[in-house]
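**Q** model the following, please.
(chains A and B)
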Amino acid sequence: TQLLEQSPQFLSIQEGENLTVYCNSSSVFSSLQWYRQEPGEGPVLLVTVVTGGEVKKLKRLTFQFGDARKDSSLHITAAQPGDTGLYLCAGAILRLTGRRALTFGSGTRLQVQP
Amino acid sequence: ETGVTQTPRHLVMGMTNKKSLKCEQHLGHNAMYWYKQSAKKPLELMFVYSLEERVENNSVPSRFSPECPNSSHLFLHLHTLQPEDSALYLCASSQGATGPNYEQYFGPGTRLTVT
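**A** Reported below is the predicted structural model:
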């Protein structure tokens, strides 16, 4: 079983601060996804990164896939209270059967105080 | 609106009850999934259906029984559950189970409490 470790597990910051969340594994992934989950809702896909070293930006969010495709980071600039939620990374591997399997990290719970 | 709906949103059931969770996707996807989300644990994949055929069962106890009558609907039938089965049950869909990105679209979940 591939293990995805996310750090930190919890993060409480003030509005306007910057933060980085990390997602690490010893496994190589064909792609890696980031989701945000708000209380009482299901996870919502934010971005998919596919190529080693790839950087994608979504407004104030910057996602990076490690060169070796084993790790990823999410950087939020000038955090807003609306960024509050559980951030999940998920790595996809291709099995011998040809089917893909998605492994989720345990998440980083972010609280942005106004 | 995520395109994936789940009912009921909340369910309380006794250990001897039988209930069913329903999921419907309006995205034209052909793969559907059941996940279990417990406190302090990563999302656990339970079942995968591709083109209405169950292609994965991750050692889930038989008290959970999935059903996929067509590519838009997925059910999870529950019977004689245990208190430790209390969790958020999430349904998801994707465009194929073998695509390069395997992006999942989740419903809002059913919060299940077993008493």
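**Q** chain B contacts on chain A?
**A** The interface of chain A toward chain B, taken as CB under 8 Å from any CB of the partner chain, is made up of A:4, A:30-31, A:33, A:35, A:40-45, A:48, A:50, A:88, A:90, A:92, A:98-107. Backbone N, C-alpha and C define where each C-beta goes, glycine included.
**Q** list only buried entries from these.
**A** For the residues of chain A next to chain B, a burial check counting by 16 or more other CB atoms under 10 Å in any protein chain shown picks out A:4, A:31, A:33, A:35, A:41-43, A:45, A:48, A:50, A:88, A:90, A:92, A:99-107.
**Q** so which of the residues you listed sit within strands?
**A** For these, the ones inside strands are A:31, A:33, A:35, A:45, A:48, A:88, A:90, A:92, A:100-104, with DSSP state E as the criterion.
**Q** and the least confident of the residues you listed?
**A** Of all those, A:Arg100 carries the smallest pLDDT score, 69.
**Q** chain center to stretch A:8-28: distance?
**A** A distance of 8 Å separates the C-alpha centroid of stretch A:8-28 from that of its chain, computed with CA atoms, centre = their mean, to the nearest Å.
**Q** can you list the neighbours in contact with that stretch?
**A** Under the criterion CB atoms under 8 Å, 6 or more residues apart in numbering or on different chains, residues A:2-7, A:32, A:34, A:68-81, A:87, A:89, A:91, A:93, A:103, A:105-114 lie in contact with stretch A:8-28.
**Q** same check on stretch A:43-61?
**A** Contacting residues not belonging to stretch A:43-61 are listed as A:30-38, A:62-69, A:72, A:74-80, A:83, A:86, A:88, B:2, B:43, B:90, B:100-101, B:103-106 [CB under 8 Å, 6+ apart].
**Q** narrow the residues you listed to those in strands?
**A** With strands identified by DSSP E, the entries of those that belong to them are A:31-37, A:62-65, A:72, A:74-76, A:86, A:88, B:90, B:105-106.
**Q** which non-adjacent residue is nearest the residue in chain A that chain B sits nearest to?
**A** Using CB to the nearest CB, the point where chain A gets nearest to chain B is A:Gly42, with a distance of 3.3 Å. Once its chain neighbours are removed from consideration, A:Gly42 has its nearest residue in B:Phe106; the separation is 3.3 Å (CB to CB, 6 or more residues apart in numbering or on different chains).
**Q** sounds good, over and out.
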